[in-house]
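Chemist: Dropping the sequence and predicted coords here.
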Amino acid sequence: DGGITQSPKYLFRKEGQNVTLSCEQNLNHDAMYWYRQDPGQGLRLIYYSQIVNDFQKGDIAEGYSVSREKKESFPLTVTSAQKNPTAFYLCASSRFWTEAFFGQGTRLTVV
Amino acid sequence: EDQVTQSPEALRLQEGESSSLNCSYTVSGLRGLFWYRQDPGKGPEFLFTLYSAGEEKEKERLKATLTKKESFLHITAPKPEDSATYLCAVPVSTSGTYKYIFGTGTRLKVLA
């Protein structure tokens, strides 16, 4: 089945630690996105990528980094510079201008 | 400035009580408007795409409509399983790339 796979579903991070969230898609979509969702709030764009080896900052990129070495993969690293990383992270992909499809999310908690 | 606003923020309905959710948008050159359903702890699930004013799409108890300034998601005779957060989004172009602007959603609760 085609879709978007995010892993892990739950992730715990210690203070000062970098963690990487995985996002893989087999929909042959060119564009991929990372969003952050906080309780009771909307989706905020962290980074997005339209093609391999290129990506753009979204509205809240500080403290995060990404790479796009393969069309199918768009991992997100939450660095120690992100002071409030506890949130629900969503990855999405799309063809140009059409509807985006989402993964099931990763819930990150700082311990 | 490109913007998407949803109302109301929250809505409680009795089972069978029909209502509508609103999504107002301000974008230059609409290339589509998307509706999603999101259950707690899950990723948004795609429902509909609307491309031009006057267009309508239906799925079970849901019907989405589009005008030049807003979109409505009509829920007819809702059931408790329709309880979820409903999001709308539009694609916008920026510096040769494109991204999606999402509204903050309407949290719908349908009571049995």
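Modeler: All right, it came through fine.

Chemist: Run a quick neighbour tally on residue 101.
Modeler: As the question left the chain open, I've gone with chain A. 21 (other Cβ atoms under 10 Å in any protein chain shown). All C-beta spots, glycine's among them, are computed from the backbone N, C-alpha and C.

Chemist: Chain B was what I was after
Modeler: 20.

Chemist: got the contact list for it?
Modeler: Residue B:101 sits next to B:2, B:3, B:4, B:27, B:89, B:90, B:91, B:92 when contact means Cβ atoms under 8 Å, 6 or more residues apart in numbering or on different chains.

Chemist: check which helix or strand covers the residue nearest to it when sequence neighbours are not counted.
Modeler: Once flanking residues are discounted, residue B:101 sits nearest to residue B:4: 5.0 Å by Cβ to Cβ, 6 or more residues apart in numbering or on different chains. For residue B:4, the element it lies in under DSSP states H and E is strand B:3-7.

Chemist: Which helix or strand contains the residue nearest to the spatial centre of chain A?
Modeler: When Cα atoms, centre = their mean is applied to chain A, the residue found nearest the centroid is residue A:34 (3.2 Å). For residue A:34, the host element (DSSP H and E) is strand A:31-37.

Chemist: ok, residues contacting that strand?
Modeler: Here strand A:31-37 has contacts from A:21, A:23, A:25, A:43-50, A:58, A:60, A:64, A:66, A:68, A:74, A:76, A:87-96, A:100, A:105, B:98-100, B:102, using Cβ under 8 Å, 6+ apart.

Chemist: in the chain, which spans are strands?
Modeler: No chain specified, so I'll use chain A. A:4-7, A:10-13, A:19-25, A:31-37, A:43-49, A:56-57, A:64-66, A:76-78, A:87-94, A:101-102, A:106-110 (DSSP state E).

Chemist: wrong chain, I was asking about chain B
Modeler: According to DSSP E, the strands that chain B contains are B:3-7, B:10-14, B:19-26, B:33-38, B:45-50, B:56-59, B:62-66, B:70-75, B:84-94, B:97-102, B:106-111.

Chemist: Can you lay out these as CSV showing mean pLDDT?
Modeler: Formatted as CSV, the strands of chain B follow (pLDDT from 0 to 100):
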stretch, mean pLDDT
strand B:3-7, 96
strand B:10-14, 98
strand B:19-26, 97
strand B:33-38, 98
strand B:45-50, 97
strand B:56-59, 97
strand B:62-66, 98
strand B:70-75, 98
strand B:84-94, 94
strand B:97-102, 92
strand B:106-111, 98
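
Chemist: Return the residues of chain A in contact with chain B.
Modeler: With Cβ under 8 Å from any Cβ of the partner chain as the criterion, chain A meets chain B at residues A:4, A:6, A:31, A:33, A:35, A:41-43, A:45, A:48, A:50, A:56, A:58, A:88, A:90, A:92, A:94, A:96-105, A:107.

Chemist: so residue B:86 makes contact with residue B:102?
Modeler: No - when contacts are counted by Cβ atoms under 8 Å, residue B:86 is not listed as touching residue B:102 (11.2 Å).

Chemist: Quick check: residues of chain B near chain A?
Modeler: So far as Cβ under 8 Å from any Cβ goes, chain B lies against chain A at B:31-32, B:34, B:36, B:41-46, B:49, B:87, B:89, B:91, B:95, B:97-100, B:102-105.
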